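In: Just to be clear, the model below is a prediction. Sequence and coordinates:
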Amino acid sequence: MRVWASKVPYPPCLACDCTGNFCKKNGEKIQYEWPELVGVEIKKAKATIERTNPNVTVVRLIDSDCIRIPDVCCNRVWLCPDEKDLVQTIPVVG
């Protein structure tokens, strides 16, 4: 699995028992789900996610099979590309 280089080293998993908006605390303004990014170019989606939730690391899966590590991490968002390198599933925290 290839991981994009980022400003900080790839962080260890902050395990949690929630995904997406179920992780959001009352009154919190940062995003946990990005349905508007389906069909968007992967690099643009990565930039949008990092801008709207600086607490997560974006991980791009290598191919359209979208096989990923099954752990749930509150500091990770997986991007699943289609054959044109566009986001094919809704990116969510977890």
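Out: Now that the structure is in, tell me what you want to look at.
In: what about stretch 58-77, average pLDDT?
Out: What stretch 58-77 shows for mean pLDDT is 77.
In: what's the span of it, first residue to last?
Out: 5 Å (Cα to Cα, to the nearest Å).
In: now swap in stretch 28-39 and tell me
Out: Between the opening and closing residues of stretch 28-39 there is a gap of 27 Å (Cα to Cα).
In: For that stretch, give me every contacting residue.
Out: 20-24, 45, 48-49, 52-55, 77, 86-93 (Cβ atoms under 8 Å, 6 or more residues apart in numbering). Quick note: C-beta positions are derived from backbone N, CA and C, even for glycine.
In: any weak-confidence spans in the protein?
Out: For the chain, applying pLDDT under 70 flags the ranges 1-10, 62-64, 67-69.
In: and with 50 instead?
Out: Across the chain, the ranges flagged by pLDDT under 50 are 1-8.
In: What are the boundaries of the strands in it?
Out: 57-60, 76-79 (DSSP state E).
In: Just name the most buried of those strands.
Out: Comparing the strands of the chain by mean neighbour count (mean count of other Cβ atoms under 10 Å), strand 76-79 comes out on top with a mean of 22.
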